[in-house]
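**Q** Sequence and predicted structure below; questions after.
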Amino acid sequence: MANTRSAEKAARQAEKHRARNVALRSRMRTAVRNVTAALLAGNKEAAKTSYNKAVPVIDSLVGKQIIHRNKAARHKSRLAARIRAMQ
């Protein structure tokens, strides 16, 4: 347990930040999952649409320093490559 008032405040803030980060990461995973589901269904137009919705979600997490920029680039690149590979 925290020993000082400042440590108690830091613990409260950390809990708030953690809850927010969990929600944002979940939003990103859902967006990626939507693209993957459209890919598995074989619907290229739906995959493109969901990809275009997922990219700003992924990029916003980079701006908030929740995920690393290389991880975001990797996700976007792999999804785009799978969309391009579809017939």
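**A** It's in.

**Q** The residue nearest the centre of the chain: what's it in contact with?
**A** With distances taken as CA atoms, centre = their mean, Met28 lies nearest the centre of the chain, 2.5 Å away. The neighbours of Met28, taking CB atoms under 8 Å, 6 or more residues apart in numbering as the test, are 54, 57-58, 61, 67. The C-beta positions use only the backbone N, C-alpha and C, and glycine is treated the same way.

**Q** can I get these in CSV with pLDDT, neighbour count and distance to Arg33?
**A** Below are the contacts of Met28 laid out as CSV (pLDDT from 0 to 100; neighbours: other CB atoms under 10 Å; distance: CB to CB, whole Å):
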residue, pLDDT, neighbour count, distance to Arg33
Ala54, 98, 22, 9
Val57, 98, 16, 12
Ile58, 98, 20, 12
Leu61, 97, 20, 15
Ile67, 97, 18, 16
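
**Q** if we can go back for a sec, ok, now how distant is the residue nearest to the centre of the chain from Arg12?
**A** Using CB to CB, to the nearest Å, Met28 is found at 25 Å from Arg12.

**Q** repeat for Ala80
**A** For Ala80, the distance to Arg12 - CB to CB - is 40 Å.

**Q** So the two - more neighbours on which side?
**A** Using other CB atoms under 10 Å as the criterion, Ala80 and Arg12 rank with Ala80 on top: 15 against 11.
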